[in-house]
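# Let's see this in three dimensions:
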Amino acid sequence: MCMVTTVTHFQYQKVIYTDGGLLLFWFLLILLGIVPFRSYIIQIIPNKAFYSSTFYVYYTLVVVQFVLHFPADKANKRYGIGEKQLLLGDSAKQPQSNHVQSQYKECPELKASFTSKVLFLWITRMIITGYKRTLTELDLWKIMPRDESQHIYQRLKKQWDKEVAKSSKTLPLYKFSNQHQENHKLKQKIEQVGKQNVVGSMLLTKTIFKVFGAYYSASAVFLLFYDLLSYMGPLLLRWLLDFVERDEPKWHGFVYVILMFITMLMRAVIVQMYNHMVYVTGMNLRSTVNAAVYRKSLKLSVAAKKTSTLGKIVNLMSVDAQRLQDAPLFMHVLWWAPFSTIIAMIFLWQELGPSALAGLVLMVSYVPFTAWISVILRDLQKKQMKEKDERMKLINEVLDGIKVLKLYAWELYFQKLVSDSRTKELKALKKAAILNSLTNFYWILFPYLVTLITFGVYVLIDPVNNILDAKKAFVSLSIFNIVCLPITLLATCMMFCVSGYVAMERIQKFLLLPELDYDNVQRNDSSMEEAIVVNDGTFTWDADGQRTLKNIQVKVGQQKLITVVGNVGSGKSSLISALLGEKEKIKGQVVVKENSFLKIIITSALMHVLWHPTLRCYQEEIK
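Numbering: from 1, shown residues only. This next block holds a predicted model:
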């Protein structure tokens, strides 16, 4: 009781609204006290009247505590600790970036009791509202603090940086400087080898597992209990059939039926909790990957943008992110199917003897077939995504140059190019669809085939002694029905895991692309007279390409309007990109005064570089 008091006081201080541990503790005390309570009521001992009276008081208080722990506690305003700060720690102190969330109501799951979370009673109000009228956007709730993309992305980014730094310790880093100008071939070779080593090390997989692994592994515990409770059904069915055949007390039958009902009820509750956890994991994984891809796209170098087009980035954030979201829904099947099969074989051995091995041999024999199908699906998935990227790249190029395309009447030609690219993509999709259909047909037929072969072998081994009576048939069929689910889901699991693996490779390759070097432009907070100083600058678009700007000398004073003019291809855009740090700096120095605003206005004839507050002064003149 002292421990319970300590835990209750700790929860009161930390604003923990509910605790399932204490609720289960009081429930177990009630269960353990039922027999003594019944004994004290039936058999009254005069010498132990004091003990019975105190036990009545104790048991009543336990029941009261159990009832009081059903609803959630109210927030403790005395300590001033918000639930968001409790869940997020220091990250909750940051200002909320999404102002739209203030319009929505607080999610009731945040303050729901343990019973409400287990039975999902907190969502009942929205269901009733949706039944009465059409739900609107304002009827939605705020995102749970633990599910906010900003918070999860910071965890992912921190772990990603650790994994990349750990994998790149032995790789030399090169930057362009005066002493490395002639080492481009050596640098290119080393970077190519290093990139292959880093890409092949499954960095993103390790990062995701370390960020989401604990929560996702907790869902495996619920799936384990669900599977164990599933096999309680055949066991109770066997006892119930024995009760029918034998002369047992009637209350045994009632106990078996009640236990079967409780088992089915607990299975329904546990499987919904499991589904909730895996769906939340998939949702968080997708939002985090989308945030990482988007932020990476803003920092890509010019050389990296040549291989990562807008269409490819869109595919990463839509198609690949969706496949990563779907993968956690079925990944547990990889261990659930073998585990459930082993338990099923143990029960079948007790019912059918060595004949159960026939079904086991059939299950094991098709494992290589499934692996072979998975390899083919993976290759087709890679090919299909490659063709999809090419098609999206072509469509974006057509949309960007639509004026020129219409001017020269090239519509039919580019329409043919897009159609041919789509045809290649459809061929890969068709092959994958055929393989998926055959695999699904096989896995749907497989449980019934295993049942037929197992029963057939059982009867044919010893037709005289091996009699397939109602008890063996019903119990065995119930076991086969249970093991049918994970075996049927195994094909879907393999398909989604292959798709997730391909998506993981593509996203990891994108996240490892080179970024802009922020050292190209130096920020100087000293009292320098000029706003921009370029001293003997030589720049290039590509690290191994030719120099586009050589020996540039530029000085721009503060609050000055500068107009850059010149012929087409003379280097106007290259100069502005160099000042913004978007070009590789071979040598020289680019210094920008700290706390300065660079305003760029590009017209069809000229490019203006304006410095704040000059933009306001020349606003009418620019118009």
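# Show me the helices in the stretch 251-400 of the chain, by range?
Applying DSSP state H, counting those that start in this stretch to the stretch 251-400 of the chain gives helices spanning 302-307, 310-315, 321-326, 333-352, 356-365, 367-400.
# and S476, how many residues sit next to it?
Close neighbours of S476, defined as other CB atoms under 10 Å, add up to 23. Every residue, glycine included, has its C-beta placed from N, CA and C.
# And for the residue nearest to it when sequence neighbours are not counted, the neighbour number?
What sits nearest to S476 in space, not counting adjacent residues and going by CB to CB, 6 or more residues apart in numbering, is E351, at 5.3 Å. If you count neighbours by other CB under 10 Å, E351 ends up with 18.
# do the same with P463
9.
# Tell me how far it lies from V457.
12 Å (CB to CB, to the nearest Å).
# joint contacts of those two?
Common contact partners of P463 and V457 (CB atoms under 8 Å, 6 or more residues apart in numbering): none.
# pLDDT averaged over the helix or strand hosting M495, what's the number?
If you go by DSSP states H and E, M495 is part of helix 470-511. For helix 470-511, mean pLDDT rounds to 84.
# Report all helices and strands that it contacts.
helix 184-199, helix 203-230, helix 232-245, helix 250-297, helix 321-326, helix 333-352, helix 367-400, helix 411-461 (3 or more CB pairs under 8 Å, 6 or more residues apart in numbering; DSSP states H and E).
# circling back: can you tell me which of the helices of the stretch 251-400 of the chain is nearest to C484?
helix 333-352 (9.6 Å; CB to CB).
# any idea of the mean pLDDT for the closest one?
Mean predicted lDDT for helix 333-352 stands at 87.
# Just the buried positions in it, please.
333, 336-341, 343-345, 347-348, 351-352 (16 or more other CB atoms under 10 Å).
# What of stretch 480-498?
Counting neighbours by 16+ other CB under 10 Å, stretch 480-498 gives 480, 482-498 as buried.
# coming back round to it: redo the helices of the stretch 251-400 of the chain as CSV? Include distance to Y40.
Conversion of the helices of the stretch 251-400 of the chain to CSV gives the following (distance: least, CB to CB, whole Å):
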stretch, distance to Y40
helix 302-307, 78
helix 310-315, 71
helix 321-326, 56
helix 333-352, 41
helix 356-365, 49
helix 367-400, 59
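# sorry, back to before: quick one: closest of the helices and strands packed on helix 470-511 to V164.
That would be, of the helices and strands packed on helix 470-511 and by CB to CB, helix 203-230, which comes in at 6.2 Å.
# now the angle between helix 333-352 and that closest one, please.
For helix 203-230 against helix 333-352, the angle by axes from the mean of the first three to the mean of the last three CA atoms, to 10 degrees is 30 degrees.
# Report the angle between helix 203-230 and helix 470-511.
Between helix 203-230 and helix 470-511, the angle comes out at 170 degrees (the same axes, to 10 degrees).
# Who are the packing partners of helix 203-230?
By 3+ CB pairs under 8 Å, 6+ apart, helix 203-230 packs against helix 149-167, helix 250-297, helix 333-352, helix 470-511.
# how distant is the helix holding M495 from the center of its chain?
Here the centre of helix 470-511 is set off from its chain's centre by 18 Å, with CA atoms, centre = their mean, to the nearest Å.
# now swap in stretch 121-130 and tell me
The mean C-alpha position of stretch 121-130 is separated from the chain mean by 26 Å, CA atoms, centre = their mean.
# distance of D400 from N520?
27 Å.
# of these two, who's got more company?
Neighbour totals were compared for D400 and N520, and N520 leads with 21 against 11 (other CB under 10 Å).
# So V592 belongs to a strand, correct?
Yes - the assignment for V592 by DSSP: H, G, I helix; E, B strand; the rest coil puts it in a strand.
# quick one: contacts for it?
Contacts of V592 by CB under 8 Å, 6+ apart are 521-524, 531-532, 579, 598.
# Sort out for me which of the residues you listed are in strands.
522-524, 531-532, 598 (DSSP state E).
# Nearest to Y294 among these?
L598 (23.2 Å).
# what residues are up against the residue nearest to E411 when sequence neighbours are not counted?
Distances taken as CB to CB, 6+ apart place L405 nearest to E411, at 6.5 Å, with adjacent residues excluded. When the contact criterion is CB under 8 Å, 6+ apart, the partners of L405 are 398, 411, 414.
# for L229, same thing?
With CB under 8 Å, 6+ apart, L229 has these contacts: 263, 266-267, 270.
# cool, and G581?
Counted by CB under 8 Å, 6+ apart, G581 has contacts 516-518, 520-521, 590.
# Relative to G569, how far out is it?
For G581 relative to G569 (CB to CB), the value is 22 Å.
# Show the pLDDT at S217.
Looking at S217, the pLDDT reads 91.
# same check, this time on the one 10 residues further on
For D227, the model assigns a pLDDT of 91.
# any low-confidence regions in the stretch 251-400 of the chain?
367 (pLDDT under 70).
# cool, and the stretch 501-623 of the chain?
Using pLDDT under 70, the stretch 501-623 of the chain drops low at 525-527, 543-545, 594-623.
# Just the buried ones from the ones in strands among the contacts of V592, in PyMOL syntax?
Per 16+ other CB under 10 Å, the buried members of the ones in strands among the contacts of V592 correspond to this PyMOL selection:
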select buried, resi 531+532
